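*Asks:* Okay, predicted coordinates and the sequence, questions at the end:
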Amino acid sequence: AGSIGDDPTALTAAGAALSISGDQERATTFVEKALALDPNNAWAWARFGWIANYKGQPEHAAERFTRAMALSPADPFAFNMNMGFAWSLAMAGSFPEAIAIARAIIGRNPEVSWSYRMLAAWSAMSGDLDTARWAAQRLLKAEPGFTIAWYRSRPLFHNVPQWADRMADALRQAGLPEG
């Protein structure tokens, strides 16, 4: 029997949990070890992409998501990889491309409620308040308790406070409740 230290899936899971909890440095250590053991692990590359987004490194994130998608083009969680890639584009200011990806994901996976959150924010950032308000209403139907205060307080934003502020401002413009 092995330990977490030699299981790429367990290492990636631990890295994902740490990343979502806001500890990008420790998350990086776990995911880098997973990739050292299995350089073709699409999930590890995707999580490594999210870590880069949460560290405010959209160029690294885009490369990592592209690699993950190439390794597993029919992945059942392709929407997550694509949305991470779109997030990196939005962070870099490429809103039309990010919005197009979010719309495509919503078309294929309408149950993935956080896609509406991203579409609302990025549409507002690009000046399309009609789409932003539509997406905000869809988000509130799926997540009636959603508030900007809750979203802004998530630990994954620790290293990117300016991006978190931009997202919060955009969600405000989309008409989502403050708290």
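*Replies:* That came in fine, so what should we check first?
*Asks:* Please count neighbours and contacts with C-alpha atoms only from this point.
*Replies:* Noted.
*Asks:* what residues are up against the closest residue in space to Arg67 that isn't next to it in sequence?
*Replies:* Leaving aside its chain neighbours, Arg67 sits nearest to Trp45 (6.8 Å; criterion: C-alpha to C-alpha, 6 or more residues apart in numbering). Trp45 sits next to 35, 64-65, 67-68 when contact means C-alpha atoms under 8 Å, 6 or more residues apart in numbering.
*Asks:* And the pLDDT for Leu156?
*Replies:* With respect to pLDDT, Leu156 scores 89.
*Asks:* What lies in contact with the helix or strand containing Ala168?
*Replies:* For Ala168, the element it lies in under DSSP states H and E is helix 161-173. Applying C-alpha under 8 Å, 6+ apart, the contact partners of helix 161-173 are 91, 117, 120-122, 124-125, 129, 132, 136, 148, 151-152, 157, 178.
*Asks:* next one: stretch 114-128
*Replies:* Under the criterion C-alpha under 8 Å, 6+ apart, residues 83, 87, 90, 95-96, 98-99, 102-103, 105-106, 129, 131-136, 138-139, 167-168, 170-171, 173-174 lie in contact with stretch 114-128.
*Asks:* which stretches of this protein aren't confidently modelled?
*Replies:* Where the chain drops to pLDDT under 70, the residues are 1-4.
*Asks:* What segments of it are strands?
*Replies:* With strands called from DSSP state E, the chain shows none.
*Asks:* and which of the contacts of helix 161-173 is nearest Asp7?
*Replies:* When the contacts of helix 161-173 are compared for distance to Asp7 (C-alpha to C-alpha), Phe157 wins out at 28.1 Å.
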